[in-house]
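J.: the following block contains a protein sequence and its predicted model.
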Amino acid sequence: MPEECDVCGETVPFSATVHLIVNTQSDAGTFDRYVCRSCYDAELEPVVG
């Protein structure tokens, strides 16, 4: 089942995604998103890793 990356918009196989759950501790609540591995490695891993 393919997923759309919430960073770049590319459709990738589910096996090539990273599942992110972020609790903002604010009124915005919790974000539940999928991103492709390349976007995670380039954009998010440096922040959360």
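T.: Nice, thanks for sending it over.
J.: can you give me the strands in this protein?
T.: Assigned by DSSP state E, the strands in the chain fall at 2-4, 11-13, 17-23, 30-36.
J.: buried residues in the second one?
T.: Think strand 11-13. When burial is assessed from 16 or more other C-beta atoms under 10 Å, strand 11-13 yields the following buried residues: residue 12. Just so you know, the C-beta spots here come from the backbone N, C-alpha and C atoms, and that holds for glycine as well.
J.: can you name every helix or strand that it contacts?
T.: When contacts are defined as 3 or more C-beta pairs under 8 Å, 6 or more residues apart in numbering; DSSP states H and E, strand 11-13 packs onto strand 2-4.
J.: nearest to residue 48, of the strands of the chain?
T.: The closest of the strands of the chain to residue 48 is strand 17-23. By C-beta to C-beta, the value is 8.3 Å.
J.: and the closest one, what's buried?
T.: Residues of strand 17-23 classed as buried by neighbour count (16+ other C-beta under 10 Å): 17, 18.
J.: what does stretch 34-49 give?
T.: In terms of neighbour count (16+ other C-beta under 10 Å), stretch 34-49 has its buried residues at 34, 35, 36, 39, 40.
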